[in-house]
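Undergrad: sequence unknown, structure follows:
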Ligand code: FES
């Protein structure tokens, strides 16, 4: 897994939603209940940008058709039968890092 430092976001403990580029991926970074979560910013339903949605009770709400995804697990809401990819987040000092596993590492089971 490779860890990427995320520039330009202050850790304040306040809720936020931001779109960041991590490697080649567009990530939706969500500050919720004083923790930070990272999800793919691409909605699996029809490709909307989840970082333009809302976070309500621990779920990101897609701005297009209001599908919801748990910010911790990426699991879609009841009846959706889908999920959005999640990524690990580490706080090192005052810096945010997001971990990405390459396809190669996935294939090797790492
Ligand atoms: S594109 Fe996200 S719910 Fe349809």
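TA: Received the coordinates, thanks. The structure displayed is predicted, hence computed values, not measured ones.

Undergrad: For the most centrally placed residue in the chain, give the beta-bridge partners.
TA: Nearest residue to the geometric centre of the chain (CA atoms, centre = their mean): residue 39, 1.8 Å. Per DSSP bridges, the residues bridged to residue 39 are residue 28, residue 86.

Undergrad: roughly how far apart are residue 12 and residue 45?
TA: 31 Å (CB to CB, to the nearest Å). (C-beta placed from N, C-alpha, C; glycine too.)

Undergrad: Those residues of the chain touching the ligand, which are they?
TA: 43, 45, 46, 47, 48, 62, 64, 65, 67 (CB under 6 Å from any ligand atom).

Undergrad: neighbours around the closest residue in space to residue 65 that isn't next to it in sequence, how many?
TA: Nearest non-adjacent residue to residue 65, counting by CB to CB, 6 or more residues apart in numbering: residue 45, 6.1 Å away. Neighbour count of residue 45, defined by other CB atoms under 10 Å: 16.

Undergrad: Residue 45 and residue 67 touch, don't they?
TA: Yes - using CB atoms under 8 Å, residue 45 is in contact with residue 67, at 5.1 Å.

Undergrad: overlap in contacts of these two?
TA: Among the neighbours of residue 45, those also in contact with residue 67 (CB atoms under 8 Å, 6 or more residues apart in numbering) are 80, 82.

Undergrad: what about residue 105, which SS state?
TA: helix (DSSP: H, G, I helix; E, B strand; the rest coil).

Undergrad: For the closest residue to it other than its chain neighbours, give me its contacts.
TA: Distances taken as CB to CB, 6+ apart put residue 1 closest to residue 105, at 6.6 Å, once the chain neighbours are dropped. Contact analysis of residue 1 by CB under 8 Å, 6+ apart lists 88, 99, 100, 101, 105, 110.
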